[in-house]
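Participant: give me the fold of what follows.
(one chain, ligands or ions: 1)
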Amino acid sequence: MAYSDKVRQVFQNTIEKLENDGLFKQERFIHSSQAADIEVEFPVGSSLKKVINMCANNYLGLSSHPDVVKAAHDGLEDRGYGMSSVRFICGTQDIHKELEKKVTEFLGTEDTILFPSCMDANAGVFEAILGSEDVMISDRLVHASIIDGMRLCSAIHDTFKHSDMTHLEKKLQLHADKRFKMVITDGVFSMDGDTAKLGEMVELCEKYDAMLFVDDSHSSGFIGKTGRGTHEHCNVIGKIDIITTTFGKALGGASGGCVSGRKELVELCRQKARPYLFSNTIAPVVVSGVLRVLDILSESTERRDKLEKNTEFWRKGLEEAGFVLKEGDTPIVPVMLFNAKLSQDFSKDLYDEGIYAMGFFFPVVPQGQARIRTQISAGHEMHHLEKALDAFIKVGKKYDILGKSKKEIVDMYGM
Ligand SMILES: *Cc1c(COP(=O)(O)O)cnc(C)c1O
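Facilitator: Next up, the predicted model:
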């Protein structure tokens, strides 16, 4: 170990400051597979507790689905554990091409390229397509991985106010002289659970000859009548130039991501996107699992329909109990508490009641916007949701926030 105690002290101070500011992230250890019921060790060293998971991205309940696990086993047997190569050297199997084809069909696009993750897809896609004569105009609440991807690209970067179409149009006019204009948004925004106005965005993009980029990580598999994503929900299938998404959420929950869209843009990614060229191919076991997931979703809409019903029950129950929620109709249901400490205390009390739901506060969400973000799954049965609702109401009563407005809660607890 080469560095001096003086250097070490600086790093230790940084970590200590995170702790003192209440920003230190503590992991909870899960001793079971990912499902509605999980076994958790928290705090570290305490005995295991069985709790209901209300904060996974396991929207369709497929993370431990027996058919997906079996398909992964079969893939492991047939195609081995790893490829020890990036895609373009010797890391492309027939099943990688099969998955690209299936994703293309599922999303209704022209072509698809796989990436090790959606973070990698977003890291590579902008730089592969745009240059210094171009502009990227992004919603102010896009995911961190998009922000990082834009940083790696030499195109000019500008933003528009969250979901504000008048502001977006102004920015499109402002940048009319650029070679390419790309409008960039999440399909469903992960912290608030609201949906991008893709219908209006497509119209604006057509009017100003701009391309539209949508990250559908929190939508693919369950938003829209057949679960294709926000483009299906907004009736603009075939009109999004670039969709990026993850296989690490609803689509099995393991890992992997992709860029899907216009074939020449996908080809440019194949030629130039650095995470595609320089990071290892998705493991065959994961590819096999995702292939099965897409089959399950193409056979029936049962799981996304159940998720929709569960979500309705959950939103309605919380609303009737008198909680302040963020508006929306997605399975991301934020229960607003505004105060950071209250969000942590609330989460702890829920845990004691057997409900696992995380409190989020600044800087993950804006200052004064602390919340418990609940996420509903098709893996939840009615008894899970009823028990969780009872627990929320019990803890809500304890803190006397039921039926209270934002102002009243803030008056009691501060921002
Ligand atoms: C989760 C998420 C990602 C990252 O996906 P990974 O495949 O886990 O890297 C990217 N974009 C959005 C909008 C996400 O929610």
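Participant: where do the strands sit along this protein?
Facilitator: Counting by DSSP state E, one finds strands in the chain at the ranges 29-30, 37-41, 49-53, 111-115, 135-139, 156-160, 181-186, 211-215, 242-246, 257-261, 332-338, 355-356, 359-360, 370-375.
Participant: for the ligand, which of these is the nearest?
Facilitator: Across the strands of the chain, the minimum distance to the ligand, taken as Cβ to the nearest ligand atom, is reached by strand 242-246, at 3.4 Å. Heads up, the C-betas are built off the backbone N, CA and C, glycines and all.
Participant: report the rounded mean pLDDT for that closest one.
Facilitator: Per-residue pLDDT over strand 242-246 has a mean of 98.
Participant: listing partners with orientation, what would you give for that strand?
Facilitator: Using DSSP bridges, strand 242-246 pairs in its sheet with strand 211-215 (parallel), strand 257-261 (antiparallel).
Participant: does the last one come close to the ligand?
Facilitator: Spelled out, that is strand 257-261. Yes: Strand 257-261 comes into contact with the ligand when judged by Cβ under 6 Å from any ligand atom, the residues involved being Gly257.
Participant: how about stretch 351-367?
Facilitator: No: in terms of Cβ under 6 Å from any ligand atom, no part of stretch 351-367 sits within range of the ligand; the closest distance is 12.6 Å.
Participant: with just CA atoms, put that stretch into PDB.
Facilitator: Backbone C-alpha positions of stretch 351-367 (Å, rounded to 0.1, in the frame of the first residue of the first chain) are rendered in PDB as follows:
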ATOM      1  CA  TYR A 351     -39.400  -2.600   8.500                       C
ATOM      2  CA  ASP A 352     -40.400  -3.400  12.000                       C
ATOM      3  CA  GLU A 353     -43.900  -4.100  10.700                       C
ATOM      4  CA  GLY A 354     -42.400  -6.500   8.100                       C
ATOM      5  CA  ILE A 355     -42.400  -4.200   5.100                       C
ATOM      6  CA  TYR A 356     -39.300  -3.300   3.200                       C
ATOM      7  CA  ALA A 357     -39.600   0.100   1.500                       C
ATOM      8  CA  MET A 358     -36.800   2.600   1.200                       C
ATOM      9  CA  GLY A 359     -36.900   6.300   2.100                       C
ATOM     10  CA  PHE A 360     -35.300   8.600  -0.400                       C
ATOM     11  CA  PHE A 361     -34.100  12.100   0.200                       C
ATOM     12  CA  PHE A 362     -31.700  14.700  -1.100                       C
ATOM     13  CA  PRO A 363     -29.600  14.400  -3.300                       C
ATOM     14  CA  VAL A 364     -31.400  11.400  -4.800                       C
ATOM     15  CA  VAL A 365     -34.600  13.500  -5.000                       C
ATOM     16  CA  PRO A 366     -34.800  17.400  -4.700                       C
ATOM     17  CA  GLN A 367     -34.400  19.100  -1.300                       C
END
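Participant: what's the spacing between it and its chain's center?
Facilitator: Once both centres are worked out by Cα atoms, centre = their mean, to the nearest Å, stretch 351-367 turns out to sit 16 Å from its chain's centre.
Participant: can you pull the buried residues of that stretch?
Facilitator: Neighbour counts over stretch 351-367 (16 or more other Cβ atoms under 10 Å) mark Tyr351, Ile355, Tyr356, Ala357, Met358, Gly359, Phe360, Phe361, Val364, Val365 as buried.
Participant: grab the nearest non-local neighbour of the third one.
Facilitator: What sits nearest to Tyr356 in space, not counting adjacent residues and going by Cβ to Cβ, 6 or more residues apart in numbering, is Val51, at 4.3 Å.
Participant: and the nearest residue to Met54 once chain neighbours are set aside, how far is that from Ser145?
Facilitator: The spatial neighbour of Met54 that comes closest, neighbours along the chain excluded (Cβ to Cβ, 6+ apart), is Ala357 at 4.2 Å. Distance check for Ala357 against Ser145: by Cβ to Cβ, to the nearest Å, it reads 24 Å.
Participant: what's the longest helix seen in the chain packed up against?
Facilitator: Of all the segments assigned as helix in the chain under DSSP state H, the longest by residue count is helix 302-321. Packing contacts for helix 302-321, counted by 3 or more Cβ pairs under 8 Å, 6 or more residues apart in numbering; DSSP states H and E, involve helix 284-299, strand 332-338, helix 382-398.
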